[in-house]
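> Here is my input, please return the structure:
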Amino acid sequence: MKFNFSTFKTLITFAFFVSLFSCGNNPLEVDVSDISIPLEVKRFDQAIFTANTKSNGTQFLKSSYPVFFNDFTNNIISIGNIESEEAQFHLNAFTSDPFILETKKKSDSLYLDFSTYQKELETTFKYYQYYFPKKNIPKIITYISGYNYAIVTSDNYLGIGLDMFLGSKHEAYTRLGLPAYKSDFMNKENLVPGAVLGWVSTEFEAPKANADLLTEMVHQGKILYLLDALMPNTPGTLKINYAAEELNWCNANSEPIWFYLIDNDLLYTKKTSTIIKFMGESPFIQGFPEGSPGRIGHWVGWQIVKAYMKKNPEVSISQLMTEDNAQNILQKSKYKP
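Got it, this is the predicted structure:
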């Protein structure tokens with residue numbers, strides 16, 4: 001089935017300016033200046049290398065990072081329980097490995113002074129406290145993962161793998177064979193949005209197993225809308241990990257994208273391959289014209305939730321995040337691109 005997807009530069013430019021000038025009077029721009037939060041930042045990326053020079057280094061890390069250190073050895077670098085001699089051997093090998101030391105050097109050049117990112121995170125979690133006053137504020141723990149995990153979370157910490165935000169041209173990403181559609185967003189600009197996305201994604205879990213495409217799309221749309229609320233002055237490109245031209249392509253082609261889903265009866269499909277096609281990481285959507293980004297279902301869900309919140313201003317952010325009926329959200333959104 002064919003659709004008239006636009007590839008005209010003028011239409012894309014028009015969509016960009018419509019988006020730009022429709023941003024006034026943002027209801028999500030609330031005053032959080034009077035909110036004070038105890039945001040703690042702990043530099044495990046520094047401590048682990050310092051501890052390696054101490055005779056009691058392991059004990060120091062265990063006492064300073066009682067939960068995270070165990071998670072780090074067991075899950076992030078996968079060397080097992082640190083109580084074993086084998087794990088301690090592997091930990092020493094990790095902290096003395098030339099590749100890891102070079103990674104730390106690069107990380108230090110960008111993040112040794114973490115104050116800018118701490119301020120951004122503090123502002124974001126002020127909004128989080130505003131919307132969810134009963135939820136805990138996590139401590140922030142920075143680490144070097146050996147290129148394994150960008151973000152890890154537990155009940156009380158948000159871990160940020162600094163080696164996963166070293167810049168799209170970082171040589172190790174090429175050596176590791178990471179595709180450009182991933183490494184393009186592994187930079188300092190994406191660190192805070194990526195960390196916040198990781199946190200809220202675990203605080204507000206994905207729909208139950210065997211959900212249909214609409215449910216998956218609306219869930220991701222809720223997450224992205226929550227990022228709008230927590231980071232109202234952050235560009236949408238950083239929230240959804242799209243280049244500007246990719247986001248503009250979606251805006252310019254919102255109608256054919258939607259009718260493709262409707263006319264092919266895809267909203268309620270539970271077919272795994274179809275859901276992966278529209279929701280999974282990929283450089284583009286197979287069968288769509290050149291310029292289409294991957295994960296377009298995330299973008300569609302975002303538009304549905306935006307429309308829902310605009311049509312239903314009485315719905316609070318906390319109420320939105322607990323509304324699990326995607327069909328109800330779609331109906332009340334009256335979404336018509």
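
> Between its first and last residues, how far does stretch 199-214 reach?
One end of stretch 199-214 sits 23 Å from the other (C-alpha to C-alpha, to the nearest Å).

> same check, this time on stretch 304-323
Counting by C-alpha to C-alpha, you get 14 Å between the two ends of stretch 304-323.

> again with stretch 35-45
With C-alpha to C-alpha as the measure, stretch 35-45 spans 29 Å from end to end.

> Return the set of buried residues in it.
For stretch 35-45, the neighbour count (16 or more other C-beta atoms under 10 Å) marks Ile35, Ile37, Leu39, Val41, Lys42, Arg43, Phe44, Asp45 as buried. C-betas here are computed from N, CA, C, even on glycine.

> Which of those residues fall in strands?
Those of the buried residues of stretch 35-45 mapping onto strands are Val41, Lys42, Arg43, per DSSP state E.

> What ranges does the stretch 151-300 of the chain have for its strands?
Remark: strands assigned in the stretch 151-300 of the chain by DSSP state E, counting those that start in this stretch are 151-153, 157-161.

> Distance from the chain centre to the shortest one, please.
Taking C-alpha atoms, centre = their mean, to the nearest Å, the mean C-alpha location of strand 151-153 is offset from the chain mean by 11 Å.

> Check the spacing between the closest residue to Thr269 other than its chain neighbours and Ser254 real quick.
Counting by C-beta to C-beta, 6 or more residues apart in numbering, the nearest residue to Thr269 once its immediate chain neighbours are dropped is Leu213, at 5.3 Å. Using C-beta to C-beta, to the nearest Å, Leu213 is found at 17 Å from Ser254.

> and among the strands of the stretch 151-300 of the chain, the most buried is which?
Mean neighbour count (mean count of other C-beta atoms under 10 Å) peaks for strand 157-161 among the strands of the stretch 151-300 of the chain, with a mean of 25.

> circling back: would you list the ones in strands among the buried residues of stretch 35-45 in CSV and tack on pLDDT and distance to Ser292?
Below are these laid out as CSV (pLDDT from 0 to 100; distance: C-beta to C-beta, whole Å):
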residue, pLDDT, distance to Ser292
Val41, 98, 38
Lys42, 98, 41
Arg43, 98, 40
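
> Closest to Gln303 out of those residues?
Of all those, Gln303 sits closest to Val41, with 34.7 Å by C-beta to C-beta.

> Now for that closest one: which residues touch it?
Phe114, Gln118, Leu121, Lys139, Ile140, Ile141, Thr142 (C-beta atoms under 8 Å, 6 or more residues apart in numbering).

> Would you mind telling me which of Leu213 and Ser254 has the busier surroundings?
For Leu213 versus Ser254, the count of surrounding residues by other C-beta atoms under 10 Å is larger for Leu213: 23 against 18.

> The more buried one contacts Leu267, doesn't it?
Yes. Taking contacts as C-beta atoms under 8 Å, Leu213 lies within contact range of Leu267: 5.9 Å.

> Tell me the residues that contact both of the two, please.
Common neighbours of Leu213 and Leu267 (C-beta under 8 Å, 6+ apart) are Leu261.

> Once you drop chain neighbours, what's closest to Tyr173?
Ser183 (4.3 Å).

> how about low-confidence regions in the chain?
Across the chain, residues meeting the criterion (pLDDT under 70) sit at 1-25, 52-55.

> Next one: Val152 from Asp45, what distance?
From Val152 across to Asp45, the span is 13 Å (C-beta to C-beta).

> ok, Asn210 - contacts?
Lys270.

> Quick check: it vs Gly221, distance?
Distance from Asn210 to Gly221, by C-beta to C-beta: 19 Å.

> Next: Glu205.
For Glu205 relative to Gly221 (C-beta to C-beta), the value is 15 Å.

> neighbour count winner among these two?
Gly221 (26 against 8).

> ok, now how distant is that one from Tyr157?
In this structure, Gly221 and Tyr157 are 27 Å apart, going by C-beta to C-beta.

> neighbours of the residue nearest to Leu226 when sequence neighbours are not counted, just the number please.
Of all residues not flanking Leu226 in the chain, Val200 sits nearest, at 5.4 Å (C-beta to C-beta, 6+ apart). Using other C-beta under 10 Å, Val200 has 21 other residues around it.
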